[in-house]
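>>> Sequence first, predicted model second:
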Amino acid sequence: MDKQSAQVFLPPRERCFERLRLARFGETVTCVHCESDEVVKRGTTGKDAQQYWCKNCETYFNDLTDTIFGQHRFALEEMFDIVKEMRSEPTAQIARDLGRDYEAVLNFVHEVQDVSGDIDEFDLYDVCEADEIYVTAGEKGLEDEESSPRQRGLFKKGRGDFQGDKPPVLTLVRRDDGRVRFLVCKDLQDADEDIAEYGDGSVILCTDGYGIYDDIEELEGVDGHLAVTHSDTYVIGDAHTNTCENRHSFLRQWLAKFRGVSKHHLQKYLDFLALKLNSPGNWFEKLLCYNVSG
Ligand SMILES: [Zn+2]
């Protein structure tokens, strides 16, 4: 689509700024540097962001300062559109729809995915589940190689490793509230340690009968271990990994939309997916509020 046609479908710029301001500041704009409310408006930037002068620390800032939208050449409404579309559309398609350069859109998509992992804090306590899944992901997915005609089988049965383009993904779920974390691994040799790191000592971990989880209750962070073998016909009390299997179906559907993701970027994609699953009602607001300066 050419750029003029694309703009017809974008939300009005001023509404995007209003939404961003409301998420960041609420009713009263406060200084992003010193949090003072001794702030006055001082014109707008070239990208139509409101500019402010803080009387307290005597510095300028604007609506976009320290947000994920600050350092990009896109208009704010284009970035809102990219964030909305990246939930379901391959980046190449978004770039075509916007009439924008693929690399530039991909960079922004990766940045949003990167901060998703930071926003979405995670730890394990009480009854939790862990399970593994193997994703077929090579050096480059179609996401990163627009012209590649190769179709990739997304999931193959059996074990694999990162080197062999079948990186294992550990899925951790907290039974209490269903929050999930996906961990892309080189291999599963240290899976028990990777998992235990998230535990607070109270964790009762439910897994399948795979040997990598043996003796995990010996590690600090994990209190007990319930292993189920897949040949068991019955789910006995807490001892199941049904929640992980449910998250795996989201993971499969999600990655299938992109028809192959580079294994080097797989973690980012799954961080964004986890943010959406863990914060279905306010994941977008969390991105709006995120402060890139830490
Ligand atoms: Zn200030």
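Yep, that arrived.
>>> contacts and neighbour counts: CA atoms only from here.
Fine.
>>> Residue 168 is in contact with residue 189, isn't it?
No. Applying Cα atoms under 8 Å, one finds residue 168 not in contact with residue 189, separated by 10.7 Å.
>>> more crowded one of these two?
Taking other Cα atoms under 10 Å, residue 168 and residue 189 do not tie; residue 168 has more neighbours (22 against 12).
>>> do you know how far residue 107 is from the ion?
According to Cα to the ion, to the nearest Å, residue 107 and the ion sit 31 Å apart.
>>> The ion contacts on this structure?
Within the chain, the positions adjacent to the ion are 31, 33-34, 54, 57 by Cα under 5 Å from the ion.
>>> switch to 8 Å and redo it
30-39, 53-59 (Cα under 8 Å from the ion).
>>> Among these, name the buried ones.
30-32, 39, 53-54 (16 or more other Cα atoms under 10 Å).
>>> so what's residue 180 closest to, chain neighbours aside?
Spatially, and ignoring its direct neighbours in sequence, residue 180 is nearest to residue 173 (4.5 Å; Cα to Cα, 6 or more residues apart in numbering).
>>> now stretch 88-100: mean pLDDT?
For stretch 88-100, mean pLDDT is 93.
>>> any idea how far the residue lying farthest from the centre of the chain lies from residue 27?
Relative to the mean C-alpha coordinate of the chain, counting by Cα atoms, centre = their mean, the farthest residue is residue 55 (37.2 Å). Residue 55 is 19 Å from residue 27, where distance means Cα to Cα, to the nearest Å.
>>> And for residue 215?
Residue 215 is 53 Å from residue 27, by Cα to Cα.
>>> Looking at those two, which is more packed in?
Neighbour count, other Cα under 10 Å: between residue 215 and residue 27, residue 215 has more, with 12 against 9.
>>> OK, contacts around the more buried one?
By Cα atoms under 8 Å, 6 or more residues apart in numbering, the contact list for residue 215 reads residue 225.
>>> One more pass at 10 Å, please.
Neighbouring residues of residue 215 by Cα atoms under 10 Å, 6 or more residues apart in numbering: 192, 222, 224-225.
>>> Excluding chain neighbours, what is closest to residue 229?
residue 209 (4.8 Å).
>>> Go ahead and confirm that neighbour touches residue 132.
No. Counting by Cα atoms under 10 Å, residue 209 sits too far from residue 132 to count as a contact (11.4 Å).
>>> the more surrounded of the two?
residue 132 (23 against 15).
>>> tell me which residues form a beta bridge with the more buried one?
Note on residue 132: beta-bridge partners by DSSP bridges are residue 170.
>>> one step back: in which helix or strand would I find the residue nearest to residue 180?
Following DSSP states H and E, one finds residue 173 within strand 168-174.
>>> my hunch is that residue 226 is in a helix, does that hold up?
No. Counting by DSSP: H, G, I helix; E, B strand; the rest coil, one finds residue 226 to be strand, located in no helix.
>>> count of neighbours near residue 8?
Residues near residue 8, counting by other Cα under 10 Å, number 9.
>>> Distance check, it against the ion.
Residue 8 is 38 Å from the ion, by Cα to the ion.
>>> can you pull the pLDDT of that residue?
For residue 8, pLDDT reads 81.
>>> Check residue 145 too.
pLDDT, read off for residue 145, is 49.
>>> mean confidence for the strand holding residue 173?
Strand 168-174 shows a mean pLDDT of 96 in the predicted model.
>>> do the same with stretch 107-124
94.
>>> ok, and for that stretch, which residues are buried?
108-109, 112-117, 119-120, 122-124.
>>> which among the residues you listed gets closest to residue 70?
residue 108 (10.9 Å; Cα to Cα).
>>> which residues does the closest one contact?
Counted by Cα under 10 Å, 6+ apart, residue 108 has contacts 68-69, 71-72, 74, 79, 82-83, 91, 114.
>>> Does residue 100 touch residue 4 like I think?
No. Here residue 100 lies out of contact with residue 4, judged by Cα under 10 Å, at a distance of 11.3 Å.
>>> Same drill for these two, tell me which one is more crowded.
A count of neighbours by other Cα under 10 Å puts residue 100 above the other of residue 100 and residue 4, at 18 against 10.
>>> which SSE is that one in?
Per DSSP H and E, there is no helix or strand for residue 100.
>>> Now it: closest residue in space, sequence neighbours ignored.
Nearest non-adjacent residue to residue 100 (Cα to Cα, 6+ apart): residue 3, at 7.6 Å.
>>> Next, the one you found: phi, psi?
Recorded main-chain torsions at residue 3 are phi -60, psi -40, according to degrees, to the nearest 10.
>>> same check, this time on residue 42
The phi/psi pair for residue 42 (degrees, to the nearest 10) is phi -140, psi 70.
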